[in-house]
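K.L.:
Please find the sequence and the predicted model below.
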Amino acid sequence: MREEGRGDRTRRYRTPTSPARFNFRTKKDGTVQGAFWGRVKLADGSSPFFSEEYFAIQRTAEITVTDLTGTALRKSMTNADGEFVVVDVPAAQLRTTARLDGVRAGLVTPTATIASGDPAPLSITNNRI
């Protein structure tokens, strides 16, 4: 059991004992599709999720997956813990970008990550004040 957060926003969750496994799927045209997951954190280790009930504001990181030429393949949003899942993407090197309020972080996700179900961790350089 691990704890993350500060003060009254501490979350307790269990770390999975085995990574998620996604099966490749071969489409009729011969292309192979897979999936991967990851977690986005701010530089201080906190989640990118922000909620202000009074003003009805909820913000979280947006995930964009493109191929290496820049063609957008999938978009996703992180949950309150900063986790995301991207499905039905080609089994190839992909560029994964997290964007939050104008700040972004990116990485090239290798084919092995999509095949193994390993996480694709992203860290955004700003801190929660």
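P.N.:
On my side now, so go ahead.
K.L.:
hey, which helix or strand in this structure has the poorest pLDDT?
P.N.:
strand 2-4 (a mean of 49; mean pLDDT, DSSP states H and E).
K.L.:
other SSEs contacting the longest strand along the chain?
P.N.:
Ranked by residue count, the top strand of the chain under DSSP state E comes out as strand 32-42. Here strand 32-42 touches strand 25-26, strand 83-90, strand 94-100, helix 111-116, strand 122-124, going by 3 or more C-beta pairs under 8 Å, 6 or more residues apart in numbering; DSSP states H and E. Using the backbone N, CA and C atoms, a C-beta is placed for each residue, glycine as well.
K.L.:
Name the residues of the third one that are buried.
P.N.:
To tie it back to what came earlier, the one meant is strand 94-100. Neighbour counts using 16 or more other C-beta atoms under 10 Å place Leu94, Arg95, Thr96, Thr97, Ala98, Arg99, Leu100 of strand 94-100 among the buried residues.
K.L.:
go on, stretch 63-72?
P.N.:
Ile63, Thr64, Val65, Thr66.
K.L.:
Ends of it, what's the gap?
P.N.:
The first and final residues of stretch 63-72 sit 11 Å from each other (C-alpha to C-alpha, to the nearest Å).
K.L.:
Skipping adjacent residues, who's closest to Thr64 in space?
P.N.:
Leaving out its chain neighbours, the residue that sits closest to Thr64 by C-beta to C-beta, 6 or more residues apart in numbering is Thr97, at 4.8 Å.
K.L.:
check contacts around the one you found.
P.N.:
When contacts are counted by C-beta atoms under 8 Å, 6 or more residues apart in numbering, Thr97 touches Ile63, Thr64, Val65, Thr66, Arg104, Ala105, Gly106.
K.L.:
Relative to Glu83, which of those is nearest.
P.N.:
Ranked by distance to Glu83 (C-beta to C-beta), the contacts of Thr97 are led by Ile63 at 10.2 Å.
K.L.:
tell me which element that closest one is part of?
P.N.:
For Ile63, the enclosing helix or strand under DSSP states H and E is strand 62-66.
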